[in-house]
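*Asks:* When you get a sec, could you give me coordinates for this:
(2 chains)
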Amino acid sequence: MKLKTENLEKVFRTELVETVALNGVSIDVNEGEFVAVMGPSGCGKSTLLNILGLLDNPTAGSYQIDGVEVAHLKEKERTQYRRGKIGFVFQSFNLIEEMTVEENIALPLTYLKYSSAERKKLVDEVMMSLNIAHRAKHFPNQLSGGQQQRVAIARAVVTKPGLILADEPTGNLDSKNGRDVMTTLKALNEQGTTIVMVTHSQKDAQYANRVINLFDGLVVDSLKDRM
Amino acid sequence: MKNILRNFGVTLRSYRLSSLLNVAGFAIALAAAYTMFVQINFDYCYNRDIKDADRLFRVEHKLIGYEDWTYILATPLAKIMVTDNPTVEGYHFGRFQNREVDHTFEKFPDEPIVLSGVELTEGSLVAMGIELVEGDFEPVLKRSAMAFSRSVARRYNLSIGDRVCWGREYKASGSLAVGAIFEDLPANSDIAGLEAFYGPYYNKMESNSWSDWNDPLYVRLRDKNDVEAFLQHTLAQILLLEDVDRFKGIKTLDDLKKVVRLTPFTETYFTTDMRHFDLKVGDRATTLTMLTIAVVTLLIAIINFFNFFVALIPKRIRSINTQKILGAQSGALRAGVFFEALLLLTIAVAVALLLVNVIEKSALRELLSVSLFAPENMRVALIVVASATVLTLLAAVYPAWYLTSFPPAFVLKGSFGATAKGRALRNALIGVQFVLSFVFIIIAVFVAVQNMFMKNHDMGFDRDCILQYPVYNVYPQNSIDSEQRRTLRNALLTSPYIEAVTFSEREIVGDTKSGWGREWSRSEENINFRVLPVEPGFLETMGIAVTEGIEANGEEGLFVFNAAAKKRYSMEIGDKIKESREWFDIKGFCIDFNERSMQHAVEPFAFFVHPGVRMSLCYIRVQRGSDLALVQQQIKDITERLGRNESIEYEPPRLLDEIIEEDFYKKENGQMLIIACVSAISIIISLLGVFGLVFFETEYRQKEIALRRVSGALVGSILWLFNSRFIKVLLACFVIAVPVATYFVSEWLQEFAYKTPLHLWVYLLAFIVVALLTVIIVISSAWRTVNRNPIEVLNKG
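*Replies:* Reported below is the predicted structural model:
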């Protein structure tokens, strides 16, 4: 999946204050690329990721996915576009605590109207590949942080999306689990999945092909082939 | 749909406690509301299912100088009203009360069947809208055949022409044919349950005696607006009756309306300004109270339902928005919330059904006029479920919209807590519940206090040691002369526990006494008073203090008036009252004792002490502290020795205390039970709501609680933090509830001539009860979270 933004702006307004989160961000992400977005807190990394993931619209500017302009889609259209094509991995996992591991992983498939047999097959496959099959019937609070993040990754990839957006995926993990998660993401990237990852960690950024540095809502540099 | 069902399953599983409390509160409220609506429906629909009920009227009459109306008319009056009256389509002159009659059919000669039957005329059939199913009424009206209801015909497989006779033995010679089968009469009416009709034994209208007062008159008018015309006709006839004293003052239609009125048959159930004898009557105020209570109960439950849904928002918002990110549409998620609400309602309805079943089998059923499962209640059930559905969907609108209204990224990034606005809204709603709880408790306690006040009030006679015993236990005549009384008295006095025996014509307590308008020696105008003929020595035996003069005078008759009569008419000893063309002296005055329930003030009353009057009730004074069961057994033995009247079932003597408790205050006891139940329900539901809210709030604020504890806060101070919020809400609610409850209590107390003061302690008690329960609930629901190891909570992040 190929992404392209031009002069993206995002302004948050309240009654008292106006906050510019993105101030003309132009980036390209090629198909199969692994891009890390870095920068200090409040520089707009997560805002950029939300817009790239069609969770939010920019205030101004252009955003194209595979050449299609998606910057100003309505919420319903964004949901339909996102469904099955973009996977998300969050720092705090965002697993649904009331669902078992396999139910969590299967969730995106239910919105794509897969039959239960198909869902089971795909979920089993992804659980096997991420080595969490033995935890299928467990609930998130019965898993370690690393296992929870592997479940979150499994949920993100079960629909075989073209793009994975990861927001500080190792932020809540110890170094070993963090390394495992990054290895998994890298493997997915090597299979052709485009990945955009927001991170504070230079170590994690080393897994990316390129690092985009943001500061005060602006791209300050874009360094390729760090590995 | 699968997703929605799965989500619902997950919600039930994950929020077991809240779901359980929510369903429990809603189910209790639904069951209570349904029960009350069934009774309300019965009350409001009474007599309305009779064909063209709006054209059917009961004629009511008031004697000049009397306060109360009566629907028992003198036969000549009934006759002039209906004879040649062009407005009358049909009339029924007679009572409808069930008369149990033995019937034996040729088909089942060995199985006599008891059916409730009544004699009808052709006019009765028209008046009461009785519909023929099969056969012909004509031979029935000529008394050569009988008519039976459709359900009786079906039950016993009856056909036109079958033979039947009255009595417990089939005799072909005395048998009649089944001449007609009529449609079953409406169950919710004065004519309910009548299963057999016969032609009239004699023409009641033939009597010309103005002292022939036995029956009510029901008229079906050709048009419901013909009431004035009916009365005009009546007036014209009355003006011809110059010789009848009671109509002397009636010259115009307005004069007539003061003493004659037509009450629509659909309204007779709620008529309160008359004695009802044997008909069912309701109380419009009670029905309205129940309606209010039913609606309020549903309101309390729906507030709870809403509060639970809103309280769950912070807990659910992350999962809802995660689903949004993964591709769920907002509309579908909202529909899911509505569907969850409806499924919860469905479960609540099912549980409510079980509760209704429990109520049907409990003592509460005694308070209802109809079975909760009667087919006619289907409409009520549908209305209750439909109302609950609408309220449920309304309650789900806000949570459904709010849960899906955020950009998902915003919710997922940070921790979402309850907003201040949301909390204020929930506090306000909990406040409504608390106000209603306070109001109900205050009313319930005042009803109980008033009941106790009435029951313990000194009525002016010794009700705790006097037994009432009907003489028909021994004598079939129902009333007995002085010789028979002497025999019975002597027999009863053989018991060592019986101190004295006396007799009266009717009950000492109750509404059945006669009202007399009599001439007296000091005025040309009649005076009115209630009267009880008694035998000499009655007052002394009953413990009614004579304040002036005497009460017994051997074989002559005399009057003893109460203080109220003395005061109103300025009576003196030696004044005379005319009774049956004879003048009798007022020989004494007694205290103002209460011969009716405490709703009524004491009115002018007289004992007509005369040994020659036939008496029907015996009053037996027993030694205080006697074994009552033993005395009752002795009286029964004495009855057997004297020769018990075998034609009726033996009626054991009853203590006056017991009669007063059961007969006087049945309605009040019922009201007290209903209000107590509703108060308990409202408090339970409100506290369920408080429990749920505190439980969720402590869950959301567990990090804050942990930080407070790490900073040195004691468990007690954190519990106070939660309690103080609810105490503030409680105080505000109490301030609102006190005037509201006081208004309703004062209105209710207007019914009583003797009323309890508005005690301050009742209000304080209500506050303490609700506050105490709330504190207990808050502590129990917050306890687990507050006592959790703070380090574990903080490390968990």
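*Asks:* Isn't residue B:112 up against residue B:102?
*Replies:* Yes - the pair residue B:112 / residue B:102 is scored as a contact, 5.0 Å apart, by Cβ atoms under 8 Å. C-betas here are computed from N, CA, C, even on glycine.
*Asks:* can you list residues touching both of these two?
*Replies:* Residues touching both residue B:112 and residue B:102 (Cβ atoms under 8 Å, 6 or more residues apart in numbering or on different chains) are B:167, B:168.
*Asks:* Can you dump the C-alpha atoms of stretch B:49-61 in CSV for me?
*Replies:* Coordinates of each C-alpha in stretch B:49-61 appear next as CSV, following Å, rounded to 0.1, in the frame of the first residue of the first chain:
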residue,chain,number,x,y,z
ASP,B,49,-68.2,-4.1,29.3
ILE,B,50,-72.0,-4.3,29.6
LYS,B,51,-73.6,-3.7,26.2
ASP,B,52,-74.2,0.1,25.7
ALA,B,53,-73.3,0.7,29.3
ASP,B,54,-73.4,4.4,28.8
ARG,B,55,-77.2,4.3,28.6
LEU,B,56,-77.6,2.3,31.8
PHE,B,57,-78.2,4.2,35.0
ARG,B,58,-78.8,3.4,38.7
VAL,B,59,-81.5,5.5,40.3
GLU,B,60,-80.5,6.9,43.7
HIS,B,61,-82.6,8.6,46.3
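*Asks:* Pull out the buried positions in that stretch.
*Replies:* Counting neighbours by 16 or more other Cβ atoms under 10 Å in any protein chain shown, one finds that the buried residues in stretch B:49-61 are B:49, B:50, B:53, B:55, B:56, B:57, B:58, B:59, B:60, B:61.
*Asks:* contacting residues for the fifth one?
*Replies:* Contacts for residue B:56 were tallied using Cβ under 8 Å, 6+ apart; they are B:47, B:50, B:127, B:128, B:129, B:218, B:219, B:220, B:264, B:265, B:266.
*Asks:* Tabulate the residues you listed (JSON lines), appending distance to residue A:36, pLDDT and secondary structure.
*Replies:* JSON lines is the format used below for the contacts of residue B:56 (distance: Cβ to Cβ, whole Å; pLDDT from 0 to 100; DSSP: H, G, I helix; E, B strand; the rest coil):
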{"residue": "B:47", "distance to residue A:36": "84", "pLDDT": "90", "secondary structure": "coil"}
{"residue": "B:50", "distance to residue A:36": "86", "pLDDT": "89", "secondary structure": "coil"}
{"residue": "B:127", "distance to residue A:36": "95", "pLDDT": "91", "secondary structure": "helix"}
{"residue": "B:128", "distance to residue A:36": "92", "pLDDT": "90", "secondary structure": "coil"}
{"residue": "B:129", "distance to residue A:36": "89", "pLDDT": "90", "secondary structure": "coil"}
{"residue": "B:218", "distance to residue A:36": "95", "pLDDT": "94", "secondary structure": "strand"}
{"residue": "B:219", "distance to residue A:36": "97", "pLDDT": "95", "secondary structure": "strand"}
{"residue": "B:220", "distance to residue A:36": "94", "pLDDT": "95", "secondary structure": "strand"}
{"residue": "B:264", "distance to residue A:36": "87", "pLDDT": "93", "secondary structure": "strand"}
{"residue": "B:265", "distance to residue A:36": "88", "pLDDT": "91", "secondary structure": "coil"}
{"residue": "B:266", "distance to residue A:36": "83", "pLDDT": "90", "secondary structure": "coil"}
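*Asks:* Mind naming the longest helix for the chain?
*Replies:* Since you didn't name a chain, this refers to chain A. Longest helix in chain A by number of residues (criterion: DSSP state H): helix A:175-190.
*Asks:* Can you look at chain B instead?
*Replies:* Max-length helix for chain B by DSSP H is helix B:420-456.
*Asks:* Just checking, which helix or strand succeeds that helix along the chain?
*Replies:* strand B:466-470 (DSSP states H and E).
*Asks:* So what touches that next one?
*Replies:* Contacting residues not belonging to strand B:466-470 are listed as B:507-508, B:541-543, B:616-622, B:631-632, B:635, B:651, B:653-656, B:659 [Cβ under 8 Å, 6+ apart].
*Asks:* Out of these, list just those in strands.
*Replies:* B:617, B:618, B:619, B:620, B:621, B:622, B:654, B:655 (DSSP state E).
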